[in-house]
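A.B. asks: just coords:
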């Protein structure tokens, strides 16, 4: 095998002439996890084979590939101080005749891999090339390599084939250091680091301008990567030339940027080559000359520039990931050239900018370095943008125990108080606790404990609540499943969660919704104390599996810590696959304590459970009352105007937790509920008109609370109490202030903090953040990043601004995610389900304003390969998706229109209802039945359609109506045409209406129930 050999370039000879200490370069990769030293050693060797330039040693004026891989050394725990960056191993010089590169492994939190090299053989960009390939090798990928190892002189001559490349003139030593004079005694290098949020346009120019404004005008060195002139060149050699920027008094960063761009356009970096005559100087003479320059600079505090600002480019942590190690940041620790100024290194990562400063250590040097970084940080990320008073939320929990312990204590305090009420009667705290103990005992016998995900297939019932507490007492986490969801979807969720046990309510037995390997447990039997006999078993896919043995004797609660899982809830996924949000006990406890105080929950609270247990806001109704001695009112059926009227006027309920859509429905009931203390509204934007109507209905003593929070932040994390005077100027109610121990950050598309009052994406931090998505590490990296200071956050996709009052206002989304009846829906998931139909080649799902009211509705458009009826497509979706994800209409189109940017042009899509909205002009003129005329008028008001175009065959669904607008329509019809007795009979026929939602059918039912109610009339 031929050994690689090449001549030392003039630039490299200049580096060889410098002191070895000044030539050291460090590139640090920080992350979570650990890398076994033997694996790292193997990867370094593999990458070095592809990068011969990292194995060079010097023999006089020639570089030779030694063939020996760079050494890998593991530091002792704690050897690397990540705040002071003062480990002696970082400063250790290289003997270029023996080795010029090495790798250090520093275990700890965070773990750090340090790539070290002699500047004579590489530069910052070359070091990044090599480091990326080391991690490729760690992942089992082939390194891309840099076999050329083209030196700077060879590159210059390739770019000037017809003549001698221009050379740089010597620079005078004219400028004092902004970090103060160097100490007279020999001092080592000092490094300081600052991480900034966001990536910053013209970062180099902004750093230069900030330093010039703070320390005076003058010259600034800006190293430029010569590889830019030969795209595709992969060389690890030292290929950077510094261009000079002479900044005058008062120049802003825009002027500095224009000057820099002009230098690059003129290719001034190519005119900064080192004179080849330097190669004629003997090394001792060269070293003495360079040392003399450095002594002069130290003695006079005059250097070749004010500062050297080196931008090393971008680094994506994903490139520095390996099995067991997740990179969080990448930054450089540079050196200071003899006679040169302090060096500021810049590395940009997605959503983060790393700054480091290098200078000589000495009295006060560290403080001055921090002050310099303060100056730069203020220029790039002003403090006024970064700090919002609303984030001063730190508050110790009033009780550090888990909800499991708190509930056990509450049962002991109030054993005979009513815990649950509703259609099944009343259940005391003691009885609920006994049932939960029985469930927990049965689960423990089957091996359930911390980390076990137990499915819970039950409605809003006493058994469901007992099952929930039983799972938690067993130390496991529960996965609530909506009984209205199709079997296949439930099976998919249980499979994704890895659930091997599922508690099944009696009403759900017989469903084919459990995947293979998941055992169904009869919830009602378990809660009743189990049975000592063995029922006939079915296979794992059924819900009548073998009952568990007697569980009448309950054991102690399984201890859980704040980081144990409490529950997993699935939300819609933008990739077409639902994602399981993992909520830990500590997050749940924080919400419970904050929500209890914020909503005024106490032992007198009587709070209905109106939402499905699979909707995380149900946690407000279940946990908060039962941990304060209050009462939960169980509402078995989906709310309609009759059940809501009964709930509001004939039960002990005095607090509500519901969506704005349901609150809007309540607003049309023409009732005045008494004694209500709080109405917590969550899940969608709360319009001022809806809040004002609710305030009038419930009275001035009732607080209308707008709660905001994604599932990933545990139910709710900001709140605002509606104020009729302060909130009347806007169209939507503010979302208020963050919860205890919760932070909200508003960032732009580059993850920079926005100015006060500007719109930014909400990033949530603090105690209520989810652990992440179950089994989706790639999604965790995307949605749960860290801010520059290490704060873990959740990227919501929601846009907000800070109002002059200091509160937050929700203003929209950055994507097409939509809320349907409080549920998050990703249109892509619905489109994917449509495309599973064999007749559909391509589907898109878009959102449009819902018919006749606020909010959005889904609409599907499909390209088909054969004729297919819309009803067939809707039936197909109904077998796969929850009701709130079924589009209001699915339209077959011959082609999909696109914008110039390649996105579907929503405005160019056809009206999904076509003639259904417009009907036949004058159709209503033929209506002679006054009942039909009144029904048509209600339809027109509810849907916002032209009444004159309605006839008996008009279809409510085809006109854009959804389930909530249907309930509103039925309430309107009943209010106008029926007495109380007839109204109950009318609503009992809801199933018939859903099967045939035509104006003729509704009219016929009105006639029918009126006749039955008043047979003699």
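C.D. replies: Structure's in. What do you need? None of the values given here were measured: they were computed from a predicted structure.
A.B. asks: what sits against residue 426?
C.D. replies: 418, 420 (C-beta atoms under 8 Å, 6 or more residues apart in numbering). Quick note: C-beta positions are derived from backbone N, CA and C, even for glycine.
A.B. asks: got it, and residue 98?
C.D. replies: Per C-beta under 8 Å, 6+ apart, neighbours of residue 98: residue 57.
A.B. asks: distance of the closest residue to residue 609 other than its chain neighbours from residue 202?
C.D. replies: Nearest non-adjacent residue to residue 609, counting by C-beta to C-beta, 6 or more residues apart in numbering: residue 621, 4.3 Å away. Residue 621 sits 52 Å away from residue 202, going by C-beta to C-beta, to the nearest Å.
A.B. asks: between these two, which one's more packed in?
C.D. replies: Set residue 621 next to residue 202 and count neighbours by other C-beta atoms under 10 Å: residue 621 wins out with 26 against 16.
A.B. asks: how about the secondary structure of the more buried one?
C.D. replies: helix (DSSP: H, G, I helix; E, B strand; the rest coil).
A.B. asks: now do residue 1000
C.D. replies: helix.
A.B. asks: over to the one 5 residues further on?
C.D. replies: Taking three-state DSSP as the rule, one finds residue 1005 in the helix state.
A.B. asks: I figured it was touching residue 991, is that so?
C.D. replies: No - the criterion here is C-beta atoms under 8 Å, and residue 1005 misses it with residue 991 at 11.2 Å.
A.B. asks: and this protein, what are its domains?
C.D. replies: When the chain is parsed with automatic domain parsing, its domains come out as 5-156, 171-386, 389-399+585-767+796-814, 403-560, 826-912, 917-1013.
A.B. asks: for residue 25, see how far away residue 849 is.
C.D. replies: 58 Å.
A.B. asks: which one's more surrounded, those two?
C.D. replies: Comparing residue 849 with residue 25 by other C-beta under 10 Å, the one with more neighbours is residue 25, at 23 against 12.
A.B. asks: I'd say that one and residue 116 touch.
C.D. replies: Yes - if you go by C-beta under 8 Å, residue 25 and residue 116 touch, sitting 6.9 Å apart.
A.B. asks: before we move on, the earlier item: nearest to residue 787, out of the domains of the chain?
C.D. replies: For residue 787, the closest of the domains of the chain is domain 171-386, at 5.4 Å, according to C-beta to C-beta.
A.B. asks: before we move on, back to that, more neighbours: which of residue 1005 and residue 991?
C.D. replies: A count of neighbours by other C-beta under 10 Å puts residue 1005 above the other of residue 1005 and residue 991, at 21 against 7.
A.B. asks: mean pLDDT per helix and strand in the chain: which one sits at the bottom?
C.D. replies: Least confident helix or strand, the chain: helix 915-918 with a mean of 51, by mean pLDDT, DSSP states H and E.
A.B. asks: list the neighbouring strands of the helix or strand containing residue 102 plus their orientation.
C.D. replies: Residue 102 belongs to strand 101-106 when assigned by DSSP states H and E. Sheet pairing here is set by DSSP bridges, and for strand 101-106 it gives strand 71-74 (parallel), strand 111-118 (antiparallel).
A.B. asks: need those in JSON lines (columns: distance to residue 424 and mean neighbour count).
C.D. replies: Converted to JSON lines, those look like this (distance: least, C-beta to C-beta, whole Å; neighbours: other C-beta atoms under 10 Å):
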{"stretch": "strand 71-74", "distance to residue 424": "63", "mean neighbour count": "16"}
{"stretch": "strand 111-118", "distance to residue 424": "54", "mean neighbour count": "24"}
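A.B. asks: in TSV: the ones you listed, plus mean pLDDT.
C.D. replies: Output for the strands paired with strand 101-106, formatted as TSV (pLDDT from 0 to 100):
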stretch	mean pLDDT
strand 71-74	97
strand 111-118	97
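A.B. asks: with respect to residue 131, which of the ones you listed lies nearest?
C.D. replies: strand 111-118 (4.7 Å).
A.B. asks: following the closest one, which helix or strand shows up next?
C.D. replies: Per DSSP H and E, the first helix or strand lying C-terminal to strand 111-118 is helix 124-138.
A.B. asks: and the very next helix or strand once past that next one, which residues are buried?
C.D. replies: Per DSSP H and E, the first helix or strand lying C-terminal to helix 124-138 is helix 152-159. Neighbour-count burial for helix 152-159, counted by 16 or more other C-beta atoms under 10 Å, picks out 152, 153, 154, 155, 156.
A.B. asks: what sits closest to the fourth one if chain neighbours are left out?
C.D. replies: The reference is to residue 155. residue 226 (5.6 Å).
A.B. asks: list the contacts of that neighbour.
C.D. replies: Residue 226 neighbours (C-beta under 8 Å, 6+ apart): 152, 155, 156, 239, 240, 241, 269, 270.
A.B. asks: gap between the last one and residue 226?
C.D. replies: This points to residue 270. Remark: distance between residue 270 and residue 226 (C-beta to C-beta) = 7 Å.
A.B. asks: so where do the helices sit in the stretch 401-550 of the chain?
C.D. replies: 403-413, 429-445, 462-473, 487-497, 523-527 (DSSP state H, counting those that start in this stretch).
A.B. asks: deepest in the core, which of the ones you listed is it.
C.D. replies: Mean neighbour count (mean count of other C-beta atoms under 10 Å) peaks for helix 462-473 among those, with a mean of 28.
A.B. asks: show me how far it is from its chain's centre.
C.D. replies: How far helix 462-473 lies from its chain's middle: 30 Å, per C-alpha atoms, centre = their mean, to the nearest Å.
A.B. asks: list the contacts of the helix or strand hosting residue 663.
C.D. replies: Take DSSP H and E as the rule and residue 663 turns out to sit in helix 660-666. In this structure, residues lying in contact with helix 660-666 by C-beta under 8 Å, 6+ apart are 610, 639, 641, 644, 648, 656, 658, 679, 681, 683-687, 690, 694, 697, 821-822, 853-855, 964, 967-968, 971.
A.B. asks: do I have it right that residue 388 meets residue 802?
C.D. replies: Yes - Residue 388 is within contact range of residue 802, at 6.4 Å (criterion: C-beta under 8 Å).
A.B. asks: these two: which is more packed in?
C.D. replies: With neighbours defined as other C-beta under 10 Å, residue 388 and residue 802 compare such that residue 802 has more, 22 against 18.
A.B. asks: which residue sits closest to residue 835, ignoring its sequence neighbours?
C.D. replies: Of all residues not flanking residue 835 in the chain, residue 843 sits nearest, at 5.0 Å (C-beta to C-beta, 6+ apart).
A.B. asks: what pLDDT is listed against the one you found?
C.D. replies: On the pLDDT scale, residue 843 is placed at 89.
A.B. asks: my read is it is in a strand, agree?
C.D. replies: Yes - under three-state DSSP, residue 843 sits within a strand.
A.B. asks: measure it to residue 824 for me?
C.D. replies: 20 Å.
A.B. asks: when these two are compared, which one has more neighbours?
C.D. replies: residue 843 (24 against 16).
A.B. asks: check contacts around that one.
C.D. replies: 831, 832, 834, 835, 860, 861, 862, 863.
A.B. asks: ok, the fourth one touching residue 844?
C.D. replies: No - no contact is recorded between residue 835 and residue 844 when judged using C-beta under 8 Å, the distance being 9.8 Å.
A.B. asks: looking at these two, which is more packed in?
C.D. replies: It is residue 844, of residue 835 and residue 844, that has more neighbours when counted by other C-beta under 10 Å, with 21 against 16.
A.B. asks: who touches that one in this structure?
C.D. replies: Taking C-beta under 8 Å, 6+ apart, one finds 827, 831, 860, 861, 896, 904 in contact with residue 844.
A.B. asks: try it again at 7 Å.
C.D. replies: Neighbouring residues of residue 844 by C-beta atoms under 7 Å, 6 or more residues apart in numbering: 831, 861, 896, 904.
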